[in-house]
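Visitor: here you go, sequence then predicted model.
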Amino acid sequence: MECERLQKLIKNWYIQVQDESMAPARMVEFMRNHVADCLICMADPVVEAEVKRITEVVLPPSKIPKAVRKEEGIDDDDEDDEETTDSDEVEEDEEEDEEEEDEEDIDPDLDDDEV
């Protein structure tokens with residue numbers, strides 16, 4: 001990257017992202033806006049690849065726009081490395097059953113204020 005201003009801005013934005021005072025998607029938006037408006041960045045053939053690389057570092061795959069994920073071949077399943085097992089599904093079903101039982105136990109005719 002030849003644009004020193006963009007380099008400084010990216011460092012500043014990245015620190016803000018790490019401090020959680022800026023959303024990663026906002027940083028990506030700011031980078032793209034700068035590249036679109038800056039004459040130095042427009043003339044730099046490497047800047048687009050650098051912005052893409054930084055975007056991949058900053059944004060988790062689930063936050064990359066769906067159209068971009070399809071273009072780049074990023075699967076939604078890549079973010080979930082853990083496989084769900086049958087026991088996980090059984091536990092979820094049991095929790096749902098317990099919630100339903102709790103709802104069924106409520107009798108609308110009962111009034112707790114009556115003694």
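Guide: Alright, I've got the coordinates. Source: prediction; values computed, not measured.

Visitor: how about the helices in the protein?
Guide: Under the criterion DSSP state H, the chain carries helices at the ranges 4-18, 24-37, 39-43, 47-58, 66-72, 86-104.

Visitor: comparing those helices, which gets the lowest mean pLDDT score?
Guide: For the helices of the chain, mean pLDDT drops lowest on helix 86-104, to a mean of 55.

Visitor: list the contacts for the nearest residue to residue 24 once chain neighbours are set aside?
Guide: The spatially closest residue to residue 24, leaving aside those adjacent along the chain, is residue 58, at 4.5 Å (C-beta to C-beta, 6 or more residues apart in numbering). All C-beta spots, glycine's among them, are computed from the backbone N, C-alpha and C. Contact analysis of residue 58 by C-beta atoms under 8 Å, 6 or more residues apart in numbering lists 14, 17, 24, 27, 28.

Visitor: kindly report the same for residue 36.
Guide: By C-beta under 8 Å, 6+ apart, the neighbours of residue 36 are residue 42.
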